[in-house]
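*Asks:* quick one, what's the 3D model for this:
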Amino acid sequence: MGEHVVQLVIPARSEYLLLVRLALAGIARGVPIDDEALSDLKLAVTEACGNAVAHAYGGDAGTVEVRYVVTRDSISIEVRDEGDRETPIVPTAMPRIDGGAPPESGMGLAIIQAIVDELEIEARDGAGTVVRMRKNL
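*Replies:* Residues are numbered from 1 along each chain as shown. All right, here's what the predicted structure looks like:
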């Protein structure tokens with residue numbers, strides 16, 4: 001199996017998050033991933049996209065781009081928004097699962113970090129955020 005790349009662009013609205021999960025389920029057919037790992041990865045991509053929907057555009061219209069890259073050894077997902085957040089997401093601001101998160105912090109990034117093998121967050125000054133994650137198979 002070579003590398004398979006699929007890109008999906010959705011409106012930054014919560015009702016489109018199911019489409020992101022369904023796309024991943026379809027894309028993952030034919031790769032050696034068990035049901036539990038696939039379910040976890042669906043949760044991770046939903047959290048990343050949900051974060052973009054909730055925070056990237058401040059209620060204004062926008063889009064979220066999801067890029068899936070599937071190889072024999074891994075599934076990589078990139079979630080990109082073009083929003084201008086007042087407070088950019090940075091890895092050092094990720095809440096801890098042990099309850100040490102400030103009350104205003106969600107647990108989405110900590111959940112993603114617990115699920116995937118690699119997580120990278122790029123806060124682009126005034127030009128959105130890119131969340132990259134990879135799950136080894």
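
*Asks:* tell me the contacts of Val79?
*Replies:* Val45, Ala48, Cys49, Ala52, Val64, Glu65, Val66, Val130, Val131 (CB atoms under 8 Å, 6 or more residues apart in numbering). Bear in mind the C-beta positions are built from the backbone N, C-alpha and C, glycine included.

*Asks:* make that Leu17, sorry
*Replies:* Counting by CB under 8 Å, 6+ apart, Leu17 touches Thr46, Cys49, Gly50, Val53.

*Asks:* okay if I get the residues you listed as JSON lines plus secondary structure, pLDDT and distance to Ala23?
*Replies:* As requested, the contacts of Leu17 are exported to JSON lines (DSSP: H, G, I helix; E, B strand; the rest coil; pLDDT from 0 to 100; distance: CB to CB, whole Å):
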{"residue": "Thr46", "secondary structure": "helix", "pLDDT": "96", "distance to Ala23": "11"}
{"residue": "Cys49", "secondary structure": "helix", "pLDDT": "95", "distance to Ala23": "11"}
{"residue": "Gly50", "secondary structure": "helix", "pLDDT": "93", "distance to Ala23": "15"}
{"residue": "Val53", "secondary structure": "helix", "pLDDT": "91", "distance to Ala23": "16"}
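
*Asks:* show me just the buried residues among those.
*Replies:* Neighbour-count burial (16 or more other CB atoms under 10 Å) applied to the contacts of Leu17 gives Thr46, Cys49, Gly50, Val53.

*Asks:* what distance do you get for the nearest residue to the third one once chain neighbours are set aside to Arg72?
*Replies:* Translated: Gly50. Once flanking residues are discounted, Gly50 sits nearest to Leu17: 6.0 Å by CB to CB, 6 or more residues apart in numbering. Distance, Leu17 to Arg72, by CB to CB, to the nearest Å: 28 Å.

*Asks:* same question, Asn136
*Replies:* According to CB to CB, Asn136 and Arg72 sit 11 Å apart.

*Asks:* how about Leu109?
*Replies:* 28 Å.

*Asks:* mind checking which of those two has more residues around it?
*Replies:* Using other CB atoms under 10 Å as the criterion, Leu109 and Arg72 rank with Leu109 on top: 23 against 10.

*Asks:* OK, contacts around the residue nearest the centre of the chain?
*Replies:* For the chain, the residue nearest the mean C-alpha position is Ala48 (3.1 Å; CA atoms, centre = their mean). Ala48 is in contact with Ile77, Val79, Gly108, Ile112, Val131, Met133, counting by CB under 8 Å, 6+ apart.
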